[in-house]
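In: Build me a structure from this.
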Amino acid sequence: MTITAALLAAALATAGPATSTSNSNSNSTSNATATATATGELPFAPGEQIDLVIDFLHVRAGEARLSVGQPEGPVWPIFCQGKTGGLASLLDIREHYVSYWDAERRASRGTDLNAIEPGDRHTDRARFDRESGKALVQVLRKGRLTRTTQDVPGDIQDLASVLLALRLAPLRPGDRYELPVFSGKEVFTLRAEVEGDETLETPAGRFDTTRLKVQLGLKDQFRSQRDAHLWLSRDPRHIPVRMTADFAVGSVVVTVSGYRPGGAQAASR
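Out: So this is what the prediction gives:
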């Protein structure tokens, strides 16, 4: 798995129907999603930009940017760009990940990844056929194109769309979510539980946040040593403010360093 994939996996969230349980009303999440679909209300919009800094083993290791591109019909491209920095800049790692998010269905149609890593450069493409329950995957590496097909559930998320879905969820204390996610190679289940509220100081300012405990379900060097955590702003935007995870290769902390809203606010700037 790549640095962008690890970053996004540490983030999480869902942009489609999520399995939710609550101490009060187990149907409230699906109802909230249906209401948002009917009214067109979303906590994010084209033009939104979130800048993040990445610390690995308590050392600045890179930066990333999550942004919502201009729609093409119902599809919103969600761009995730990451690169190494600080001491880690000795290793040139650059990645450009795009999720093609269907704003009408609140689900991903597929992803593209262009990655430059030490000794390796590859282009990955995945497209979801939800009716047949398949992910069609292409990987171009060193001039060789490999095609594979994998079984996926009908409510599959990708590494970026899962973040959009938690932003769409009501996030009440005690709510729990189980979300199937396709990493580009395999399907894992992301489990999240809303724990409570917390105020955080970041390079982008102070945020009142909602804290979620997350079980990522990743394998190999990115398997979690303990539960990860995600903090989303407590306002309707649910901005990702901080993400922490302890992988087998070391601890990662991702913190917001800048935010620009989308929609009319972005157009007026």
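In: For this structure, just list every one of the helices.
Out: 3-11, 28-39, 161-168, 264-267 (DSSP state H).
In: Can you pull the poorly scored residue ranges out of the stretch 101-250 of the chain?
Out: Of all residues in the stretch 101-250 of the chain, those with pLDDT under 70 make up the ranges 217-225.
In: Let's see that with 80 instead.
Out: For the stretch 101-250 of the chain, the stretches flagged by pLDDT under 80 are 117-119, 217-226, 247-249.
In: Lowest average confidence across the helices of the chain, which one?
Out: Least confident of the helices of the chain, judged by mean pLDDT, is helix 28-39 with a mean of 35.
In: ok, residue 163 touching residue 240?
Out: Yes. With contact defined as CB atoms under 8 Å, residue 163 counts as touching residue 240 (6.4 Å). Glycine gets a C-beta too; all of them are placed from N, C-alpha and C.
In: Have a look at those two and say which one is more surrounded.
Out: residue 163 (28 against 25; other CB atoms under 10 Å).
In: Any figure for the gap between that one and residue 103?
Out: Computed as CB to CB, to the nearest Å, the residue 163 to residue 103 distance reads 15 Å.
In: in the stretch 101-250 of the chain, which spans are strands?
Out: Using DSSP state E, counting those that start in this stretch, the strands assigned to the stretch 101-250 of the chain run over residues 107-117, 120-129, 134-141, 144-151, 176-182, 187-202, 205-215, 228-233, 240-247, 250-260.
In: Who are the packing partners of the longest one?
Out: The reference is to strand 187-202. In this structure, strand 187-202 makes packing contacts with strand 176-182, strand 205-215, strand 228-233, strand 240-247, strand 250-260, judged by 3 or more CB pairs under 8 Å, 6 or more residues apart in numbering; DSSP states H and E.
In: May I have the strands that pair with that strand, each with its orientation?
Out: strand 176-182 (antiparallel), strand 205-215 (antiparallel) (DSSP bridges).
In: How far off centre is the first one?
Out: Meaning strand 176-182. Mean C-alpha position of strand 176-182 versus that of the full chain (CA atoms, centre = their mean, to the nearest Å) differs by 12 Å.
In: going forward, begin numbering at 50 instead of 1
Out: In the new count, where the first residue is 50, that last one comes out as strand 225-231.
In: Let's see it as CSV, backbone CA atoms only.
Out: The C-alpha trace of strand 225-231 is given here as CSV (Å, rounded to 0.1, in the frame of the first residue of the first chain):
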residue,chain,number,x,y,z
ARG,A,225,-21.1,2.7,15.0
TYR,A,226,-20.4,2.1,11.3
GLU,A,227,-19.1,-0.9,9.4
LEU,A,228,-17.9,0.0,5.9
PRO,A,229,-16.4,-2.3,3.2
VAL,A,230,-13.4,-0.6,1.5
PHE,A,231,-11.4,-1.5,-1.5
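In: Check which residues of it are buried.
Out: Neighbour-count burial for strand 225-231, counted by 16 or more other CB atoms under 10 Å, picks out 225, 226, 228, 229, 230, 231.
In: Repeat that for the longest one.
Out: Of all the residues in strand 254-264, those buried under the rule 16+ other CB under 10 Å are 256, 258, 259, 260, 261, 262, 263, 264.
In: Which one, of the helices and strands packed on strand 236-251, ends up nearest to residue 115?
Out: In terms of CB to CB, the element of the helices and strands packed on strand 236-251 nearest to residue 115 is strand 289-296, at 7.5 Å.
In: and of the helices and strands packed on strand 236-251, who's closest to residue 96?
Out: strand 299-309 (7.4 Å).
In: got the contact list for the closest one?
Out: With contact meaning CB atoms under 8 Å, 6 or more residues apart in numbering, strand 299-309 is reached by 55-56, 59-60, 96-107, 112-113, 251-253, 256, 288-295, 315, 318.
In: okay, the angle between it and strand 254-264?
Out: 140 degrees (axes from the mean of the first three to the mean of the last three CA atoms, to 10 degrees).
In: Pairing partners for strand 299-309, with directions?
Out: strand 98-105 (antiparallel), strand 289-296 (antiparallel).
In: List the buried residues of it.
Out: 301, 302, 303, 304, 305, 308.
In: Which strand residues bridge the last one?
Out: Applying DSSP bridges to residue 308 gives these bridge partners: residue 99.
In: again with the second one
Out: Going by DSSP bridges, residue 302 is paired in beta bridges with residue 104, residue 293.
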